[in-house]
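Novice: Using only what follows, build the 3D model:
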Amino acid sequence: MGRTGPTVRFSGLLATCTAAVLAAGALVATAPAASAADVDVARNGGFEAGLDGWSCTAASGAAVSTPVRSGTAALKATPAGHDNARCSQSVTVKPNSRYTLSAWVQGSHVYLGATGTGTTDVSTWTQSPGAWKQLTTSFTTGPDTTSVSVYTHGWYGTPAHYVDDLTLVGPGGDPVVVPAVPNGLRTTALTSSSVALAWNAVSGATGYHVYRGGTKVATVTGPAATVTGLAASTAYSFQVTAANAAGESAKSAAVTATTTEGGGGGDGKLPARALVGYLHSSFANGSGYTRMADVPDSWDVINLAFGEPTTVTSGDIRFSLCPVTECPNVESEAEFKAAIKAKQAAGKKVLISIGGQNGQVRLASTAARDAFVTSVSRIIDTYGLDGLDIDFEGHSLSLETGDTDFRSPTSPVIVNLISAVKTLKAKYGSDFILTMAPETFFVQLGYQFYGSGPWGGQDPRAGAYLPVIHALRDDLTLLHVQDYNSGPIMGLDNQYHSMGGAGFHIAMTDMLLAGFPVAGNTSRVFPGLRPDQVAIGLPASTHAGNGHTSPAEVNKALNCLIKKTDCGSYQTHGTWTDLRGLMTWSINWDRFNNWEFSRNFNSYFGR
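Specialist: Model (predicted):
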């Protein structure tokens with residue numbers, strides 16, 4: 001979100017990932033010969049059985065009869081748009097073992113690789129079209145690795161490519177066995193209508209089933225879940241099982257949790273369904289200036305856009321009303337403050353939003369951290385605000401090389417931001433409202449990429465909000481990721497989803513609520529947030545940002561997430577009854593668009 005319009009931040013990651021893959025491919029050594037005990041553990045590597053055993057993005061992959069290198073079939077995969085035609089297979093392997101991955105390919109920019117090795121993931125590629133060429137690489141599995149993902153893909157904008165005779169040669173993997181019973185089941189949060197649960201991860205499990213009173217109510221990929229749709233002040237019994245391809249474990253020991261008393265949508269600060277909007281208070285941005293007093297009552301949270309730093313690294317945040325030369329109808333400071341008080345008297349929350357597209361904030365030093373706390377406090381106190389919205393974009397957040405675990409970040413800009421926000425929360429107490437508005441690049445993209453990656457060449461901003469969200473989850477009132485100005489993002493179904501329709505919002509929101517392994521690492525699972533902590537972020541009109549979604553598609557997304565209807569082909573990992581609501585950029589653009597966004601919200605929720 002910003003003054004000068006939308007931006008899409010994917011080209012940098014693609015370029016740096018390309019460089020990383022090129023470097024990795026150049027370093028691949030000739031693989032050692034397989035021993036007599038080694039076998040090919042890949043399944044259907046000749047594609048004679050079609051795509052059996054393989055998962056391909058979108059509709060990019062198909063088995064064809066010509067051209068083939070041997071047998072009767074080969075894989076044909078066609079990149080399209082932002083889909084690089086990736087096809088992958090999960091293969092059972094043995095720990096601490098050497099494997100050689102090989103495939104014959106035809107086409108330019110064809111990649112072959114393996115992830116989840118437990119050591120160093122590998123990749124190699126060819127850039128010259130023509131006759132069949134063999135790609136080969138090798139790796140050693142880690143001490144706890146029992147499965148790896150092998151894959152092929154092309155590159156963006158290139159023609160179709162072909163793959164045949166893919167093998168993964170090494171010690172045969174042990175048969176998949178039913179995982180052990182989970183232990184450590186516990187409650188982590190309670191509301192009047194939901195219970196958040198967590199448990200210890202189980203080796204070999206690919207998913208978990210949550211039971212309430214003996215009835216299955218949720219299936220998740222990581223060791224955490226939130227069960228919603230519960231009655232207030234009521235005791236419930238929960239159990240969990242672990243599952244994989246071999247079956248489902250027995251149920252865990254039960255844990256009993258009692259929901260809190262009803263009222264206030266779970267936290268007493270916001271209504272059960274909240275509408276959040278950004279108000280262009282310091283600029284107009286082509287949409288016209290909207291005075292605080294003229295903001296309709298539909299808006300429950302009003303974020304003042306924006307507080308910006310004096311310099312990128314100063315941490316000194318300033319806020320002032322739009323100059324009269326840009327906004328002829330701007331109110332006076334006294335009128336603005338009086339209007340804020342009137343909104344608060346009507347039960348609305350008014351926050352200062354820090355950052356935006358132009359407001360790059362890098363708290364790289366403790367001095368910048370302390371200046372941030374002091375200056376943000378001054379703004380909050382001057383205008384009598386209810387809290388803070390963090391809208392860091394661009395290069396504000398990034399992960400330094402070697403900072404690989406979102407649970408214990410080491411990058412100064414991350415650590416200092418977390419510390420600053422915790423200080424503000426402690427200063428203002430439990431009524432302090434904290435919201436965040438990251439882009440998908442900084443959150444959901446973390447399912448595939450995190451920081452600079454295993455080769456040190458990825459965009460260090462990928463997934464960089466995850467450690468901030470995780471560290472502040474107990475203080476966080478609302479997370480409303482910007483489901484716009486985004487490239488295609490892979491969801492939990494391992495398919496790419498593109499903005500503009502219900503499916504994108506369903507998949508992106510489901511990831512936040514179900515949780516996901518970061519960069520595919522199942523030992524580092526980002527736990528899902530409570531539904532009452534999550535709102536969907538959308539542009540208010542076609543002028544406000546790329547990815548505008550029609551009211552009909554917005555309603556489909558709400559139906560799926562809240563009621564589990566209108567979901568299309570995507571299967572959500574829960575029924576998120578307590579989903580808090582919607583956020584939009586912006587109130588000004590909604591007014592410009594005859595209030596279409598807020599009117600639809602009011603109509604859907606009967607307000």
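
Novice: Helices of the chain, start to end?
Specialist: In the chain, helices defined by DSSP state H lie at 11-27, 333-345, 366-383, 412-428, 466-471, 502-514, 551-558, 587-592, 596-605, listed in chain order.

Novice: Just the C-alphas of stretch 348-366, formatted as CSV.
Specialist: Output of stretch 348-366 as CSV, limited to C-alpha atoms (Å, rounded to 0.1, in the frame of the first residue of the first chain):
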residue,chain,number,x,y,z
LYS,A,348,-14.2,2.6,16.9
LYS,A,349,-10.4,2.1,17.1
VAL,A,350,-8.0,4.6,15.5
LEU,A,351,-4.4,3.5,14.9
ILE,A,352,-1.3,5.0,13.5
SER,A,353,0.0,2.9,10.6
ILE,A,354,3.8,3.0,10.1
GLY,A,355,5.5,2.5,6.8
GLY,A,356,3.6,2.0,3.6
GLN,A,357,5.2,1.8,0.1
ASN,A,358,7.3,5.0,0.6
GLY,A,359,8.0,4.7,4.3
GLN,A,360,11.0,2.3,4.5
VAL,A,361,11.9,1.6,8.2
ARG,A,362,15.0,-0.4,9.1
LEU,A,363,15.6,-0.6,12.8
ALA,A,364,19.2,-1.8,12.3
SER,A,365,20.5,-0.5,15.6
THR,A,366,19.3,-0.3,19.2
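
Novice: Any idea how far apart the tips of stretch 105-119 sit?
Specialist: 26 Å (Cα to Cα, to the nearest Å).

Novice: Buried residues, stretch 471-491. List them.
Specialist: Using 16 or more other Cβ atoms under 10 Å as the burial criterion, the residues of stretch 471-491 that qualify are 471-473, 476-491. In short, each C-beta sits where N, CA and C put it, glycine included.

Novice: let me fix that: stretch 561-570
Specialist: Quick answer for stretch 561-570 (16+ other Cβ under 10 Å): 561-562, 566-567, 570.

Novice: and what of stretch 337-345?
Specialist: 339-340, 343.

Novice: nearest to Glu400, of those residues?
Specialist: The closest of the buried residues of stretch 337-345 to Glu400 turns out to be Ile340 (Cβ to Cβ; 39.0 Å).

Novice: of the buried residues of stretch 337-345, closest to Pro159?
Specialist: Closest approach between the buried residues of stretch 337-345 and Pro159, by Cβ to Cβ: Lys343, at 56.7 Å.

Novice: For the residue nearest to Gly315 when sequence neighbours are not counted, give me its contacts.
Specialist: Setting aside the residues directly before and after it, Gly315 is nearest to Ala368 in space (Cβ to Cβ, 6 or more residues apart in numbering), at 3.2 Å. Applying Cβ atoms under 8 Å, 6 or more residues apart in numbering, we find Ala368 in contact with 313-315, 362, 416.

Novice: Just the buried residues out of these, in PyMOL syntax.
Specialist: Buried subset of the contacts of Ala368, written as a PyMOL selection, criterion 16+ other Cβ under 10 Å:
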select buried, resi 313+314+315+362+416
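
Novice: okay if I get the contacts of Ala368 as a markdown table plus distance to His153 and pLDDT?
Specialist: Output for the contacts of Ala368, formatted as a markdown table (distance: Cβ to Cβ, whole Å; pLDDT from 0 to 100):
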| residue | distance to His153 | pLDDT |
| --- | --- | --- |
| Thr313 | 38 | 96 |
| Ser314 | 43 | 97 |
| Gly315 | 41 | 96 |
| Arg362 | 34 | 96 |
| Asn416 | 37 | 97 |
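
Novice: TSV for the contacts of Ala368, including distance to Lys422?
Specialist: Putting the contacts of Ala368 into TSV (distance: Cβ to Cβ, whole Å) gives the following:
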residue	distance to Lys422
Thr313	21
Ser314	20
Gly315	15
Arg362	18
Asn416	11
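
Novice: Show me which pair in the contacts of Ala368 is furthest apart.
Specialist: The widest separation within the contacts of Ala368 (Cβ to Cβ) is 12.7 Å, between Ser314 and Asn416.

Novice: Next, count neighbours for the nearest residue to Asp165 once chain neighbours are set aside.
Specialist: Nearest non-adjacent residue to Asp165, counting by Cβ to Cβ, 6+ apart: Trp104, 4.9 Å away. Residues lying near Trp104 (other Cβ atoms under 10 Å) number 22.

Novice: show me the contacts for Trp104.
Specialist: For Trp104, the contacting residues are 69, 132-135, 163-166, by Cβ under 8 Å, 6+ apart.

Novice: Please apply the same query to Asn600.
Specialist: 551, 554-555 are the contacts of Asn600 under Cβ under 8 Å, 6+ apart.

Novice: which one of the buried residues of stretch 337-345 is nearest Pro296?
Specialist: Nearest member of those to Pro296, counting by Cβ to Cβ, is Lys343, at 10.7 Å.

Novice: Quick check: which ranges of this structure have low pLDDT?
Specialist: Low-confidence segments of the chain (pLDDT under 70): 2-37, 58-59, 173-176, 262-268.

Novice: Nearest the geometric middle of it, what residue?
Specialist: Computing the C-alpha centroid of the chain and ranking residues by Cα atoms, centre = their mean puts Gln444 first, at 1.7 Å.

Novice: Got phi/psi on the residue nearest to Phe592 when sequence neighbours are not counted?
Specialist: The spatially closest residue to Phe592, leaving aside those adjacent along the chain, is Ser287, at 4.5 Å (Cβ to Cβ, 6+ apart). Dihedral angles of Ser287 (phi, psi; degrees, to the nearest 10) stand at phi -90, psi -10.

Novice: For burial, what's the neighbour tally of Ser287?
Specialist: 20.

Novice: Asn546 now?
Specialist: Neighbours of Asn546 (other Cβ under 10 Å): 15.

Novice: buried stuff in stretch 198-218?
Specialist: 198-199, 201-202, 204-206, 208-212, 217-218.

Novice: Between which two of these is the distance greatest?
Specialist: With Cβ to Cβ as the measure, no two of the buried residues of stretch 198-218 lie farther apart than Gly204 and Arg212, at 24.9 Å.

Novice: Contact partners for Ile414?
Specialist: Contact analysis of Ile414 by Cβ under 8 Å, 6+ apart lists 397, 399, 403, 464, 467-468.

Novice: Kindly recompute the last result at 6 Å.
Specialist: Applying Cβ atoms under 6 Å, 6 or more residues apart in numbering to Ile414 gives the contacts Pro467.

Novice: again with Val518
Specialist: 406, 446, 450, 524, 526.

Novice: Among those residues, which ones are in strands?
Specialist: 524, 526 (DSSP state E).

Novice: Check the contacts of Val518 against Ala540 and report the nearest one.
Specialist: Closest to Ala540, out of all of the contacts of Val518 and judged by Cβ to Cβ, is Gly446, at 26.9 Å.

Novice: That closest one touches Gly463, doesn't it?
Specialist: Yes - with contact defined as Cβ atoms under 6 Å, Gly446 and Gly463 form a contacting pair (2.7 Å).

Novice: Only whichever of the contacts of Val518 are buried, select them in ChimeraX.
Specialist: In ChimeraX, this line selects whichever of these come out buried by 16+ other Cβ under 10 Å:
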select :406,446,450,524,526
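
Novice: Now tabulate the contacts of Val518 in a markdown table and tack on distance to Gly154.
Specialist: Below are those laid out as a markdown table (distance: Cβ to Cβ, whole Å):
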| residue | distance to Gly154 |
| --- | --- |
| Phe406 | 30 |
| Gly446 | 24 |
| Tyr450 | 23 |
| Arg524 | 29 |
| Phe526 | 29 |
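
Novice: Between the contacts of Val518, which sits nearest Tyr496?
Specialist: Gly446 (15.1 Å).

Novice: got the contact list for that closest one?
Specialist: Counting by Cβ under 6 Å, 6+ apart, Gly446 has contacts 463, 466, 518.
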